[in-house]
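Engineer: Coordinates only, no sequence provided:
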């Protein structure tokens, strides 16, 4: 029963939608953004729910018998329901934000383009053959939606703080995405999906991985004058964990490790920050 509940929470994409919402909350706190936050939280939550269910609905069965893919194959109608609920909810919460249609439209387009190669139509399938920057693209989409777009909507954040937080998030997420792509390396090659990860040899991939973590750390430290000591500590926690888990992630390819632990690393800082604020911290 517990495993069934956990599978539903993870594989229905509720978990990743919560991750995105918490990361946006932290962006608002760090950059002191003032805008229609509740509607943006709702939009981001439901849009994430829609896009991930859409993505996994289009994902074919895998020779690796992924737990998540098998769960989705048995619950195709549930994925369509999740996609539909997400679409309706995203549209509902987007309407009050319609004056910001241009930057929001960019997020919608980028999100769709990531899943577009899976659409069973020649007009989209060819994208998989030119997606050299697939990992970079995914990291940018996540960073744009959770960090840059809230700042663009609010329109009052300090430019350098926005840049530092955006770069910190991008390189942290990019390092995490490298682990995902390394796990799916053979599957991507079999399907003809091209990315930097399918091109690079192991020593080069290690340099890219640890280099991304180092750059993320540097940009977190550059935020020091603008954030509290605890906030800075919370930003460094996921970077430190990510730097230590490469071998573990490569040896333990369970979907629970990846879709709970690694995905959760993106929101660890925001979760610690939220608990600290809730407990009365500054």
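Structural biologist: Thanks, I have it. Since we're looking at a predicted model, the values are computed, not measured.
Engineer: Mind listing what's buried along the helix or strand harbouring residue 277?
Structural biologist: Under the criterion of DSSP states H and E, residue 277 resides in helix 263-278. Using 16 or more other CB atoms under 10 Å as the burial criterion, the residues of helix 263-278 that qualify are 263-274, 276. Any C-beta I mention is one placed from the backbone N, CA and C, and that applies to glycine too.
Engineer: Kindly reformat these as a markdown table and extend each row with pLDDT and distance to residue 1.
Structural biologist: Shown next, in a markdown table, are the buried residues of helix 263-278 (pLDDT from 0 to 100; distance: CB to CB, whole Å):
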| residue | pLDDT | distance to residue 1 |
| --- | --- | --- |
| 263 | 95 | 23 |
| 264 | 96 | 22 |
| 265 | 96 | 27 |
| 266 | 96 | 28 |
| 267 | 96 | 26 |
| 268 | 97 | 27 |
| 269 | 97 | 32 |
| 270 | 97 | 30 |
| 271 | 97 | 26 |
| 272 | 96 | 30 |
| 273 | 96 | 33 |
| 274 | 95 | 29 |
| 276 | 93 | 33 |
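Engineer: residues touching residue 103, list them.
Structural biologist: By CB atoms under 8 Å, 6 or more residues apart in numbering, the contact set of residue 103 is 149, 152-153.
Engineer: Swap in 10 Å and give it another go.
Structural biologist: 97, 144, 148-153 (CB atoms under 10 Å, 6 or more residues apart in numbering).
Engineer: Which one of those residues is nearest to residue 89?
Structural biologist: Nearest to residue 89, judged by CB to CB, of the contacts of residue 103 is residue 97 at 13.2 Å.
Engineer: Looks like residue 94 contacts residue 86 (just checking).
Structural biologist: No. Between residue 94 and residue 86 there is no contact under CB atoms under 10 Å: 11.8 Å.
Engineer: Mutual contacts of the two, please.
Structural biologist: Joint contacts of residue 94 and residue 86 (CB under 10 Å, 6+ apart) are 46-47.
Engineer: low-confidence ranges in the stretch 51-200 of the chain?
Structural biologist: Along the stretch 51-200 of the chain, the model assigns pLDDT under 70 to residues 61-65, 116-133, 185-198.
Engineer: Can you show me the helices along it?
Structural biologist: Ranges of helices in the stretch 51-200 of the chain, per DSSP state H, counting those that start in this stretch, are 67-74, 76-94, 101-115, 122-125, 134-143, 149-154, 159-183, 185-191, 196-199.
Engineer: Now distance to residue 18 too, for those helices, in CSV please.
Structural biologist: Output for those, formatted as CSV (distance: least, CB to CB, whole Å):
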stretch, distance to residue 18
helix 67-74, 17
helix 76-94, 13
helix 101-115, 17
helix 122-125, 29
helix 134-143, 14
helix 149-154, 17
helix 159-183, 16
helix 185-191, 27
helix 196-199, 27
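Engineer: Of all these, which one is nearest residue 13?
Structural biologist: Nearest to residue 13, of all the helices of the stretch 51-200 of the chain, is helix 76-94, at 6.5 Å by CB to CB.
Engineer: and the closest one, what other elements does it pack with?
Structural biologist: If you count contacts as 3 or more CB pairs under 10 Å, 6 or more residues apart in numbering; DSSP states H and E, helix 76-94 packs onto helix 2-11, helix 14-31, helix 37-57, helix 67-74, helix 101-115.
Engineer: So for the chain, the centremost residue is which one?
Structural biologist: The residue lying closest to the centre of the chain (CA atoms, centre = their mean) is residue 142, at 4.4 Å.
Engineer: Now for residue 204, how many residues are close by?
Structural biologist: Counted with other CB atoms under 10 Å, residues neighbouring residue 204 total 11.
Engineer: what helix or strand does it sit in?
Structural biologist: helix 202-222.
Engineer: Show the contacting residues for the residue nearest to residue 9 when sequence neighbours are not counted.
Structural biologist: Closest residue to residue 9 apart from its sequence neighbours, by CB to CB, 6 or more residues apart in numbering: residue 15 at 5.4 Å. Going by CB under 10 Å, 6+ apart, residue 15 touches 6, 8-9, 52, 259-260, 263-264, 267.
Engineer: How much space separates residue 15 from residue 250?
Structural biologist: Residue 15 sits 23 Å away from residue 250, going by CB to CB, to the nearest Å.
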